[in-house]
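Asker: make a model of this:
(chains A, B and C)
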Amino acid sequence: MGAPAGPPPAIELRGIDKRFGAVHANHAIDLVVRRGHIHGIVGENGAGKSTLMAILHGFYQADAGTILVNGDEARIRDSRDAIRLGIEMVHQHFMLVERFTVLENVMLGAEGGALLARGAARARAELRRLGAQYGLGVDPDALVEDLPVGAQQRVEILKALYRGAEVLILDEPTGVLTPQEADDLFRVLRALRDQGRTVLLITHKLREIMAITDRVSVMRTGQMVAHRDTATTTPAELGELMIGRRLAAPAPLPPMPRGPVLLEARGLSVRDPAGVERVKDADLVLRGGEILGIAGVAGNGQGELLEALTGIRRPVAGEIRFAGETVFPGPGFDAAGLRRRGLGHVPEDRLRSGLLRQDSAAASAILGYQNDPRWRRGGLLSPAAMAAHAAGLMRDFDVRPPEPALRSALFSGGNQQKLILGREIERDPKVLLVGQPTRGVDIGGINAIHQRLLAHRAAGRAVLVVSVEIEEILALSDRILVMCDGRIMGELTAAEANERELGLMMAGVTPDEAA
Amino acid sequence: MTEALDILLPVLGATLRLATPLLLAALAGLFSERAGIVDVGLEGKMLVGAFAAAATAAVTGDVLPGVLAAVAASCLLGMVHAYGCITLRGSQVVSGMAINIIASGLTATLALAWFGMGGQTPALPAAARFLPLDLPGADALADVPVLGRIYASLIGGQTMLVYLALLLVPVSAFVLARTRFGLRLRAAGEHPAAVDTAGVSVARLRYAGVLIASVLCGIAGAYVATAQGAGFQRDMIAGRGYIALAAMILGGWRPGRILLTCLLFGLLDAVAIRLQGAVLPGIGAFPVQAIQALPYLLTVVLLAGFMGRAIPPRASGQPYVKER
Amino acid sequence: MSAPAALPRWVDLVLLPALNLALALAITALLVLLTGGEPGAALRALAVGSVGSTDAIGYTLYYATNMAFTGLAVAVAFQAGLFNIGAEGQAYLGGLGVALVALNLEGLPPVLLLAMAIAGGAAFGAAWAAIPGWLQARRGSHIVITTIMFNFLAASLMVYLIVNVLIAPGSMSPETRRFAEAASLPSLSVLGFAPSVPVNLALILALVAALGVWLLVWRTPWGYGLRVVGQSPDVARYAGIDEGRVIIAAMALSGALAAGVAVNELLGAQHKLLLGFTGGYGFTGIAVALMGRNHPAGVLLAALLFGALTQGGAEMAFEVPDVPSEIVVLIQGLVILFTGALGTMLRPVLARVLAPARA
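Answerer: Residues are numbered from 1 along each chain as shown, chains lettered A, B, ... in the order given. Next comes the predicted model:
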């Protein structure tokens, strides 16, 4: 092949392959990243982006393939090798010691001598210089745990620059940021590019790709499917490449008569265990025969709202009414009690809380309903009845493989989700609350799950869907509430909602201001 | 004044001597836990240290080979713990308990097999023990009222290991707070993935933490057998390893506060010994058990958050696994 | 990420524990050899001493009874995700409950007196364990540290009570007076053991307790909740299971089971409360539970094994000079190490060896 003119690319990957057991996370990946570019890598959750970057950063070892840095073949066995080659990574979950100061975090691994004192003076000066150059000001003596998330991310970038990053990898950096913080981040990234450094941006948000990258590579199910210059592509094309089909405008939901109010919250406030108020004075009304979507950037209080509505977490103020009765404040407000009243709940993080990973699917299939007489014989649990129940769910909800005795952890994400959804829907709950219905679920599974939720709506039940995927919210909802920083920013009907307006509200702009 | 000194000086001297093994072992626990490895096996490592020290000192007639043997034996057990917890990522508490039980059985077995004295080692002669050091000028100061006696029998008149243990407090504080090694060690106990992504080996740091802990436990065991006592007896550590664990927790995983806690525990012990058999008017025999139980009670109360809050290193007790 | 190698069930349940035990025995034999002893003779003495005669078997079962109780205690707590190191102290306090009933309610009919004494022991053991449970559930104290501290608190308390309060008047040795004859559990001499052999009805109670634990933990909704808490507190919260209540109840159950040692020792063998009667069975229970995979059936088998080792070890100490009975403690420690902490050491090896056979 004809060697391209000019300097060699900052990074070149050839045939990178990686498996985790049965999962083929990276499939013979090729990638060329030009020096001084902001290069986006886009793909759905689970497409293999993070694994690929972890290999580049030495966190994992590729099973096959070569990595070239500045045209030279490089062996990256661990993070130390990567750092030596000037490759630094800002992880999605920050690699910061929370009880250390900013200075200690920046120095960790690059202390500049056996005693800290000398290196500290140098690091302090360098932090000041970098802060001024890139607009990354942070108090070096502040404890990281006292800093807001945006500032913590700046510490991560400072840390990378302090260690001499030539190539900076950022893994979903805006997921935890407010829109303002995201804008600040993009400003920093452009400044880095203008200084000749290379930035690799992993994201699943097309808007970010279009806003800031020079070039973009698209991954889908472990494979690299396309490379484009950002200037010559469109979000529609990228979206199509990401999911492998053309994005169609969601079909309008079939009309339903207005049902009775089944779930109502007034002035709800919820604090997390650390005492931070995560939901602030929220009101919502949910009727039979409708799906209410709650949109928002992850971590803006949706999780805590869901926990309060399902009785897992006690609100600190407000009122919750279920099917016309006040359940909070009141005695016996807990998850088990609400379940008995007819509330189904598919949790946001199914692996952490939705099933018993180390136990059989049959055991997971009665989770939350273990007292149900259907699988009790003379007061004792009947393994046969439990297995029969699980087999029935698996048949009705197309869970594969249909083996009740199989350990829950061994099912794929989509099949786990179908099992949980089946467990919660099978009892025909008056109100069904669903967090992130299709996170980590493949395309086929997504469709099946959406159909189930729509069927529950059609049966006159009330459904509430919390999702960070705008498209999902638009496809499922009769009405949409948008949450930002614990507040409900406003309500839209499906007919009037569009991505742009939702995006603005998710960013904290009220509809009136937007108009 | 002299009467007060007559009572006070022996009690305070005993406090120092009783606090020393606690201090060494608590600092051991500190280095291990700051690196992220919970160490409930302090007791067992001290026990093998005590046995190795007594046995070697008895055979060689010299105390220094005894200390070296104690350190070596303790390190051997410590490395088993480290291999199980760090390399194999087993349960740290289970491993620590195993270490304690193994140490108890092993020392009793070896003591009988080698010395055949019903599980003891021979009583050590003076040369094979640590003896109190006389500080220079003690004689000259002997006539100075109060201070002379304090200098001779409290500040001086202690064994070398007492001074070593006290010296290790500022040394530990310095190493943890002011050195590259200390920074990395603390990071390994708080957020090991941050250490890993900074290009530093978490496993190596944790091994180092356990190794330091083992060395200190070995010295603590040697102290019990060759400075406090004069030979090995079955299970002679008698729970000091657990009290050290309590002292480390009460000391908030910080060297200075650990010193204060150990001195407090040493004082309680000294007072309990002093009051053994004393009769209180109206109550009868003084319940020394109440004083002996105080360290454990204080630890429970602190852990329950009824006074202050005990915050251990965030990642302690958890094996480091790269997560997908 | 290296997922734990998937092995056939029989490997996990039978082969691995057997290999771990063999490894512990091999290391112990090596130690005997290195110290100039004869491992062969020692092992033979161990075997003969433990199962070589009816009476030896009787003693083995007597020790195994204690270990079954503490093993069950540790296993129940473990199923709830709790590492109870405090079975020793709980058994000790259980002894207080047993003794208080036996000494103060002598007038009752024997059956009732025994039932009350057992209930008293269980109640005291349960209460002593429930406190660390409560502290963990409601105050966030770490159960491992708290139960360690509670062992020492129990020891101090019991020394004080026995030496200063409960001691038989005029006695020099620290123990209470003898319980009334009515407070004796029947011996199992009907099975052919000599009357001097202390194995008693508590053995049957231990078997019943094992069955009860299995039904309760594996076959009731409450036990399901307990195991959910043990697997993941997050899942328990989601499912509406009150984690705190489960922790306290699981610890209470664990403590009540540990008190079985007091029933076997005080009502079945010693007939009085004395210092240190718990003899380390609380810690042996950890080895028993780990080896028995925290399942009642496994616990019973492991208890039998360790009971045999204890009895055989005592005999061996007589037969073979220079090998003390404490060597059994070493074996216990090694088993804990291999099954607990080094448990994963053999798995990859086995997975490789067995792979072609399964392909």
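Asker: count of neighbours near A:His345?
Answerer: 29 (other C-beta atoms under 10 Å in any protein chain shown). Any C-beta I mention is one placed from the backbone N, CA and C, and that applies to glycine too.
Asker: what of the one 3 residues further on?
Answerer: Applying other C-beta under 10 Å, we find 23 residues neighbouring A:Glu348.
Asker: over to A:Arg193?
Answerer: Neighbours around A:Arg193, by other C-beta under 10 Å: 20.
Asker: for the residue of the stretch 51-200 of chain B found nearest chain A, what are phi and psi?
Answerer: Nearest to chain A in the stretch 51-200 of chain B, going by C-beta to the nearest C-beta, is B:Ala198, at a distance of 2.9 Å. Main-chain dihedrals, B:Ala198, degrees, to the nearest 10: phi -90, psi 10.
Asker: ok, it - contacts?
Answerer: B:Ala198 makes contact with A:79, A:83, A:95, A:108-110, A:163, B:187, according to C-beta atoms under 8 Å, 6 or more residues apart in numbering or on different chains.
Asker: any of these buried? List them.
Answerer: A:79, A:83, A:95, A:108-110, A:163, B:187 (16 or more other C-beta atoms under 10 Å in any protein chain shown).
Asker: give me the below-cutoff pLDDT ranges for chain C.
Answerer: Filtered on pLDDT under 70, chain C yields the residue ranges C:1-7, C:355-359.
Asker: in it, what residue lies closest to chain A?
Answerer: Using C-beta to the nearest C-beta, the single residue of chain C nearest to chain A is C:Gly240, 3.2 Å away.
Asker: wait, doesn't that residue sit right on A:Gly332?
Answerer: No - with contact defined as C-beta atoms under 8 Å, C:Gly240 does not reach A:Gly332; the gap is 11.0 Å.
Asker: which of the two has more neighbours?
Answerer: C:Gly240 (22 against 12).
Asker: contact partners for that one?
Answerer: Shown in contact with C:Gly240 (C-beta under 8 Å, 6+ apart): A:311-312, A:334-339, A:368.
Asker: so which helix or strand takes in B:Ser172?
Answerer: Secondary structure assignment for B:Ser172, by DSSP states H and E: helix B:160-178.
Asker: that helix and chain A, are they touching?
Answerer: Yes - judged by C-beta under 8 Å from any C-beta of the partner chain, helix B:160-178 comes into contact with chain A at B:Arg178.
Asker: who's in contact with that helix?
Answerer: Outside helix B:160-178, the residues that touch it by C-beta under 8 Å, 6+ apart are A:115-117, B:16-17, B:19-20, B:23-24, B:27, B:30-31, B:34, B:130, B:133, B:181-182, B:185-186, B:216, B:219, B:222-223, B:227, B:254-256, B:258-259.
Asker: same check on stretch A:351-368?
Answerer: Outside stretch A:351-368, the residues that touch it by C-beta under 8 Å, 6+ apart are A:335-336, A:339, A:345-347, A:372, A:375, A:383, A:386-387, A:389-390, A:393-394, A:399, A:403-409, A:411, A:416, A:419-420, A:422-423, C:224, C:227-228, C:231-232, C:234-235, C:237-240.
Asker: quick one on the thing from earlier: export the buried ones among the contacts of B:Ala198 as TSV, with columns for secondary structure.
Answerer: TSV is the format used below for the buried ones among the contacts of B:Ala198 (DSSP: H, G, I helix; E, B strand; the rest coil):
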residue	secondary structure
A:Ser79	helix
A:Ile83	helix
A:Met95	coil
A:Leu108	coil
A:Gly109	coil
A:Ala110	coil
A:Arg163	coil
B:Ala187	helix
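Asker: quick one: contacts of the longest helix along chain A?
Answerer: The longest helix of chain A (DSSP state H) is helix A:116-134. Contacts with helix A:116-134, where a contact means C-beta under 8 Å, 6+ apart, come from A:102-103, A:106-107, A:110-113, A:136-138, A:140, A:157-158, A:161-162, A:188, A:191-192, A:195, B:178-180, B:183.
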